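Undergrad: Starting from these lines, generate the structure:
(2 chains, ligands or ions: 2)
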Amino acid sequence: MPSITFIHPDSRRQQIEAGDGESAMQAATRNDVSGILAECGGNAMCATCHVYVDEDWLSRLPPMGDDEDALLDGAAAERRANSRLSCQIKLDADLDGLVLNLPDRQL
Amino acid sequence: MSATEKAAPAGVPSLDVDPFSTEFFEDPHAIHDVLREAGPVVWLDKWGVYGVARYAEVHAVLNDPLTFCSSRGVGLSDFAKEKPWRPQSIILEADPPAHTRTRAVLNQVLSATAMKPLRGHFTALAEAKVDELLSRGSFDAITELAEAYPLSVFPDALGLKQEGREHLLPYASLVFNAFGPPNQLRQEAIERSAPHQAYVAEQCQRENLAPGGFGACIHARADAGDITHEEAPLLVRSLLSAGLDTTVYGIGAAVYSLARFPEQLAKLRSDPTLARNAFEEAIRFESPVQTFFRTTTREVELGGHTIGEDEKILMFLGAANRDPRRWENPDRYDITRRTSGHVGFGSGIHMCVGQLVARLEGEVMLAAIARKVGSIEITGPVKRRYNNTLRGLESLPITISPA
Ligand code: HEM
Ligand code: FES
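TA: Residues are numbered from 1 along each chain as shown, chains lettered A, B, ... in the order given. Ligands and ions are numbered 1, 2, ... in the order given. The predicted structure follows:
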């Protein structure tokens, strides 16, 4: 069971336990992480599950698809080099300890 | 209208309520409660099908599409045994991998990126509509607002011609009645369907869809090779079926909720940025799309019962959205509630592909109301509209005053 940490814009750290095979978005909404809206429920349509991946972890994530790339251009908060959609990050034991920063807004 | 001969499976609570009767449509909440409390899985004797009304089981069924399939129809009719009343949908009534391909196309055509250029126009028309209604004061919120606004934005966004649009609402009402059992609502709708079906088939063709609209975008994806030129009209048909009436019922639900909960209207007025969540909460609270079926592809364990292969299961989305196991004060319309996880748009791979269109319409309309309207008062008899799948009103006479 991977454990992941969300860092809120006010620097507050929130550590949660994710189920195997869950996406980072699913783990966040199940644990009421307030900065993840996830309107489309993980269907890669809405970009309201935007996160900034901690630099140490960025290269360890699978590459993003075209849909994700296009959507991130329209995300509410600024897109950065470490922007990802948390619904497209599937968690497994390799991602135990993953750190994700929350943007200041999702809409 | 015959009931089935199938006997209730041993151990599963059997109920004789008919969720497709006018009695049910008038007041589903008390019966939803009975369904939820009877057990995690129930048997609906009238139609010989399983039912799930608790949040956990509805969510579980929605999120296991290989066991609980859609390709045999998401209505009562089992396409393995009965010919569909119209050519089967290639998205709603499809399973992976076929669904994955068509879904990817509509995902892109209706994504957040595609909504951006529409927002300004949708907002301007919502504000103009509220101004016009304020100048009249008293009107029917269903025809003059919940129907009039989506009709003023959605057919244009799709790229439809002006002529023939009067077929749109009757066609959608037919589609949603047809998911139900062979009762009078379904039979009459299908008997009268020919002219509406002819109109819709025509409008799905490329030459009838204006450039830049959702319809033209779908046909362009056939040029790109993502779908075939035979599939493109069928995907356009999905938007004609599910894209208009649903938002009519959604906006109707939101206005009806604000009219009944004046303290929530006050909250919305003091912070118009709550508009999007106020719409979302109305979808949870009223669940304009009440039910869909699935069919089992194998024997499966659900809620402690073993369900055999080839069984139809009715999911009560509206009951799940008010399940006290999942929601605090479920019968309160609360626009600051954290609504995420509600199943009013479904959940999983079939979760509404038009949800961002619906939310855009709902948000800009409620934001216009928040800024311009001071009060909403119900001034006459509220009449319900009967449909086998959709829940909403026939008439909602209201008087509004300026802020
Ligand atoms: C408030 C308005 C709406 C509600 C409550 C609603 C509800 C739903 C629900 C519950 C489903 C899931 C069906 C299932 O699991 O079998 C669904 C799917 C779908 N909706 Fe909506 N809908 C709305 C608006 C729209 C709009 C505006 C469009 C088109 C622009 C649309 C097009 C579709 C389509 C094509 C599907 C099938 C998706 C798939 O199977 O992958 N809907 N909708
Ligand atoms: S939840 Fe919508 S894109 Fe991730």
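
Undergrad: Doesn't residue B:166 lie inside a strand?
TA: No: Residue B:166 is assigned helix when assessed by DSSP: H, G, I helix; E, B strand; the rest coil, not a strand.

Undergrad: How many neighbouring residues does it have?
TA: Around residue B:166 sit 10 other residues, with neighbours defined as other C-beta atoms under 10 Å in any protein chain shown. Every C-beta, even on glycine, is put in place using the N, C-alpha and C of the backbone.

Undergrad: Please apply the same query to residue B:246.
TA: Neighbours of residue B:246 under the rule other C-beta under 10 Å: 25.

Undergrad: cool, and residue A:60?
TA: 10.

Undergrad: Quick check: residues of chain A near ligand 2?
TA: Where chain A comes near ligand 2, counting by C-beta under 6 Å from any ligand atom, the residues are A:25, A:38-40, A:42, A:44-49, A:85, A:87.

Undergrad: try 5 Å this time
TA: Contact residues (C-beta under 5 Å from any ligand atom) of chain A with ligand 2: A:38, A:40, A:42, A:44, A:46, A:49, A:85, A:87.

Undergrad: who touches the residue nearest to residue B:159 when sequence neighbours are not counted in this structure?
TA: What sits nearest to residue B:159 in space, not counting adjacent residues and going by C-beta to C-beta, 6 or more residues apart in numbering or on different chains, is residue B:213, at 2.4 Å. Neighbouring residues of residue B:213 by C-beta atoms under 8 Å, 6 or more residues apart in numbering or on different chains: B:156-160.

Undergrad: just to revisit the earlier point, now compare the residues of chain A next to ligand 2 and name the two farthest from each other.
TA: Greatest spatial distance in those: A:38 and A:44, 10.8 Å, computed using C-beta to C-beta.

Undergrad: Now do the shared contacts for these two.
TA: When contacts are counted by C-beta under 8 Å, 6+ apart, residue A:38 and residue A:44 have residue A:87 as shared neighbours.

Undergrad: which of the two has more neighbours?
TA: Remark: of residue A:38 and residue A:44, residue A:38 carries more neighbours, 24 against 20, as counted by other C-beta under 10 Å.

Undergrad: what pLDDT does the residue most central in space within chain A get?
TA: Centrality entry for chain A: nearest residue to the mean C-alpha point is residue A:86, 2.7 Å, by C-alpha atoms, centre = their mean. Residue A:86 carries a pLDDT score of 98 in this model.

Undergrad: from what I can see it touches residue A:52, true?
TA: No: assessed by C-beta atoms under 8 Å, residue A:86 is found out of contact with residue A:52, at 10.3 Å.

Undergrad: if I look at these two, which residues touch both of them?
TA: Each of residue A:100 lies in contact with both residue A:86 and residue A:52 under the rule C-beta under 8 Å, 6+ apart.

Undergrad: Which of the contacts of residue B:213 fall in helices?
TA: Among the contacts of residue B:213, the members falling in helices (DSSP state H) are B:156-158.

Undergrad: got any ranges where the stretch 1-150 of chain B has weak pLDDT?
TA: B:1-5 (pLDDT under 70).

Undergrad: Tell me the residue of it that sits nearest ligand 2?
TA: Nearest to ligand 2 in the stretch 1-150 of chain B, going by C-beta to the nearest ligand atom, is residue B:112, at a distance of 7.7 Å.

Undergrad: For the nearest residue to residue B:190 once chain neighbours are set aside, which residues are in contact?
TA: Nearest residue to residue B:190, sequence neighbours excluded (C-beta to C-beta, 6+ apart): residue B:85, at 5.6 Å. Residues in contact with residue B:85 (C-beta under 8 Å, 6+ apart) are B:77, B:178, B:190, B:193.

Undergrad: looking at those, which has the most residues close by?
TA: residue B:178 (24 neighbours).

Undergrad: And that one, how far from residue B:343?
TA: The gap separating residue B:178 from residue B:343 is 22 Å, by C-beta to C-beta, to the nearest Å.

Undergrad: in stretch B:356-368, what counts as buried?
TA: Going by neighbour count (16 or more other C-beta atoms under 10 Å in any protein chain shown), the buried part of stretch B:356-368 is B:356-368.
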